[in-house]
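Student: predicted model, plus sequence, below.
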Amino acid sequence: MYFEVKKKVNFSLWLGRYPEGPSVKLDIHDLVGLKDVRFQGNAVRGARHILSFDGGFETGRLALLK
């Protein structure tokens, strides 16, 4: 796991298996700290997701990453 920041604007997360691969780069658009998140008891049906994916992750190779 590697975090990459370019010009304090672009924030990316690289995940990979070294040295044989595969690897994936994920662009992070919004980040919320743990102090701002309040977990109320156990996981509740209909609660907010900690990690959410774009609709493009439903088919093909991206579904495997999801």
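Tutor: In hand now; what should we look at?
Student: every contact and neighbour count from this point should use C-alpha atoms.
Tutor: Will do.
Student: so how far is residue 17 from residue 30?
Tutor: 25 Å (C-alpha to C-alpha, to the nearest Å).
Student: compare those two and say which one has the larger neighbour count.
Tutor: Ranked by neighbour count (other C-alpha atoms under 10 Å), residue 30 and residue 17 place residue 17 first, with 10 against 6.
Student: what about residue 7, neighbour count?
Tutor: Using other C-alpha under 10 Å, residue 7 is surrounded by 6 other residues.
Student: what pLDDT does it get?
Tutor: We have a pLDDT of 84 for residue 7.
Student: got the phi and psi for it?
Tutor: Note on residue 7: its backbone torsions stand at phi 50, psi 30 [degrees, to the nearest 10].
Student: make 599 the starting number, not 1.
Tutor: From this message on, residue numbering opens at 599, which makes the last subject residue 605.
Student: tell me, how many residues neighbour residue 614?
Tutor: Neighbour tally, residue 614, other C-alpha under 10 Å: 14.
Student: how much space between the residue positioned nearest the centre of the chain and residue 605?
Tutor: Central residue of the chain (C-alpha atoms, centre = their mean): residue 649, 5.7 Å from the mean position. Distance, residue 649 to residue 605, by C-alpha to C-alpha: 25 Å.
Student: could you do residue 650 as well?
Tutor: From residue 650 to residue 605 the distance is 25 Å (C-alpha to C-alpha).
Student: this completes my enquiry, with thanks.
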